[in-house]
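In: Test case, fold it:
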Amino acid sequence: MPLLLVLDGNSLVHRAYHAGAFEGMQAPDGSPIWALRGLVGYLARAAAHLSPDAVIVGFDCPVSSARRSSYPEYKAHRPDKAADLVAQLAVAPQLLADCGVCTVVPPAYEADDVLASAAAAARAAGWESVLMTSDRDAFALIDQTTSVLRVRNGGFDEAVLIDAAGLPAMYGVTPQQYRDFAALRGDPSDNLPGVRRFGATTAQKLLAAFGTVEAAWAAAPAALTEAVGAQAAAFFTDPGAREIVARNRQLMTMRSDVDLPALGSARLPLDYLVMRQALRGRGINLGPSLWALVGGAAPSADAASLEEMPELRPWVFRGGLKARRDPTPGQLALF
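Out: So this is what the prediction gives:
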C-alpha cells in the first residue's frame with residue numbers, strides 16, 4: 001500500500017528553532033537558517049525511516065485565522081515570536097516549494113487542517129499516511145490507515161510513531177475518543193480551558209466508563225460520581241461544562257476538506273539538483289542525507305558524517321506500523 005508522509009511545517013520549524021538556537025546557524029548574508037535546515041533534516045530523516053511514496057508539508061496561514069475569528073481568545077495568550085523565528089517561518093514554505101516539495105498554506109486555516117485533509121485524501125485513494133508533528137491534536141486523526149509520528153522534547157531521535165493499536169496504551173483512550181478527551185482536559189497552549197477538575201487522568205476515567213461525553217451526561221449521577229469522584233462529577237454536570245466541551249470540540253476539530261494538490265503531484269523522488277540548488281540559495285548545504293527524498297542510494301557512514309548530523313537512535317514504535325515498514329539495513333545510523 002503506498003505511503004504518504006505529511007509534515008506539520010509550523011510545528012517542526014518551532015522544534016528545530018529551539019533545538020538549534022544555541023548554534024544560531026546563519027547564511028552568508030547573515031539571515032538565520034538553523035530552523036530551516038532542521039526542518040529539511042526532519043523531512044530527510046523521516047523519509048529515510050519510512051520510505052514514503054509522496055510527501056506533503058502544511059503550514060499555518062500567516063494572515064488570517066478562522067478559529068480566532070470564531071473565538072478571539074484562541075492562542076491570544078502567546079507571546080510574540082522572536083524575530084529570527086518569524087523570519088524563518090516566513091520563508092520556509094517557499095524554500096520547500098523551491099525544493100520541489102508539495103507545500104500547502106491553506107487560507108485562514110492551519111497545518112493541522114492540511115494533516116487532516118491529506119490523511120482523508122490518502123485514505124480515499126487507498127494509501128496509508130503518517131502525520132509528523134509535535135502537536136497531540138493529531139492523535140484524533142489516527143485510524144487503521146493513519147499514524148502519527150510525534151516529535152517530542154529531545155528532537156528527532158525521541159520521536160514516537162503511534163498507530164491505532166498504540167494510542168490506548170499511551171493515553172488510555174481510542175483515537176475516536178481523543179477529541180472528547182482533549183476537549184475535557186483543555187489545551188493551555190491554544191488558550192482553551194477545559195472542564196474544571198478534568199485533567200488527563202479524570203478525562204480518561206470518564207471516557208473509559210462511558211465511552212463518550214454524551215453518554216456520561218446521560219448517565220445516572222451515582223455512576224458518574226463513582227467514575228470520576230463527586231467534585232469532578234459536579235463540575236461536569238454544570239451547564240457551563242457543555243459549553244466548554246462544545247467550544248473546544250469545534251476549535252480542535254481539523255478540517256478534512258482543505259484543497260490539496262493531487263497525490264500524484266506530491267510523489268517522490270524529488271530532483272536532487274533542484275533541491276540542492278534551492279537549499280544552497282539559502283546557505284544550507286545538505287547532500288548525502290537527502291538520498292531518500294531524491295531516489296538515491298543510502299550513503300556510507302563517512303559520506304553522511306560530512307554533514308555533521310547526529311547519529312539516529314532507533315525509534316520507539318507504538319503499535320503495528322513497524323511490522324509493516326521496517327527500515328532497511330543501515331537506515332538507523334545514516335546521519
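In: okay, CA-based contacts and neighbour counts for the rest of this
Out: Noted.
In: Helix or strand: which one has R247?
Out: helix 239-252 (DSSP states H and E).
In: and that helix, what's its mean pLDDT?
Out: Mean pLDDT, helix 239-252: 96.
In: In that helix, which residues are buried?
Out: By neighbour count on 16 or more other CA atoms under 10 Å, the buried set for helix 239-252 is 241-242, 244-245, 247-249, 251-252.
In: The closest residue to E110 other than its chain neighbours and D187, how far apart?
Out: Nearest residue to E110, sequence neighbours excluded (CA to CA, 6 or more residues apart in numbering): D60, at 3.9 Å. The spacing between D60 and D187, counted by CA to CA, to the nearest Å, is 18 Å.
In: Looking at those two, which has the bigger crowd around it?
Out: When D60 and D187 are compared for neighbours, D60 comes out ahead with 24 against 17, by other CA atoms under 10 Å.
In: residues in contact with the more buried one?
Out: 9-10, 105-106, 108-112 (CA atoms under 8 Å, 6 or more residues apart in numbering).
In: Helix or strand for the closest residue to A164 other than its chain neighbours, just tell me which one.
Out: Sequence neighbours aside, D143 is the residue nearest to A164 in space, at 5.4 Å (criterion: CA to CA, 6+ apart). Using DSSP H and E, D143 maps to neither a helix nor a strand.
In: Just to check, R276 is in contact with N285?
Out: Yes. If you go by CA atoms under 8 Å, R276 and N285 touch, sitting 7.4 Å apart.
In: tell me the average confidence for stretch 8-19?
Out: 95.
In: helix, strand or coil for L270?
Out: Taking DSSP: H, G, I helix; E, B strand; the rest coil as the rule, one finds L270 in the coil state.
In: separation between it and F59?
Out: For L270, the distance to F59 equals 20 Å [CA to CA].
In: averaged over its residues, what pLDDT does stretch 35-52 have?
Out: The model assigns stretch 35-52 a mean pLDDT of 96.
In: what about dumping the CA coordinates of that stretch to PDB?
Out: The C-alpha trace of stretch 35-52 is given here as PDB (Å, rounded to 0.1, in the frame of the first residue of the first chain):
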ATOM      1  CA  ALA A  35      15.400  26.200  11.800                       C
ATOM      2  CA  LEU A  36      15.100  25.800   8.100                       C
ATOM      3  CA  ARG A  37      18.000  23.400   8.000                       C
ATOM      4  CA  GLY A  38      16.400  21.500  10.900                       C
ATOM      5  CA  LEU A  39      13.100  21.300   9.000                       C
ATOM      6  CA  VAL A  40      14.700  19.800   6.000                       C
ATOM      7  CA  GLY A  41      16.600  17.400   8.300                       C
ATOM      8  CA  TYR A  42      13.300  16.200   9.800                       C
ATOM      9  CA  LEU A  43      11.900  15.600   6.400                       C
ATOM     10  CA  ALA A  44      15.000  13.800   5.100                       C
ATOM     11  CA  ARG A  45      15.300  11.600   8.200                       C
ATOM     12  CA  ALA A  46      11.600  10.700   8.200                       C
ATOM     13  CA  ALA A  47      11.800   9.800   4.500                       C
ATOM     14  CA  ALA A  48      14.900   7.600   5.300                       C
ATOM     15  CA  HIS A  49      13.000   5.700   8.000                       C
ATOM     16  CA  LEU A  50       9.600   5.400   6.300                       C
ATOM     17  CA  SER A  51      10.300   5.200   2.600                       C
ATOM     18  CA  PRO A  52       7.200   7.300   1.700                       C
END
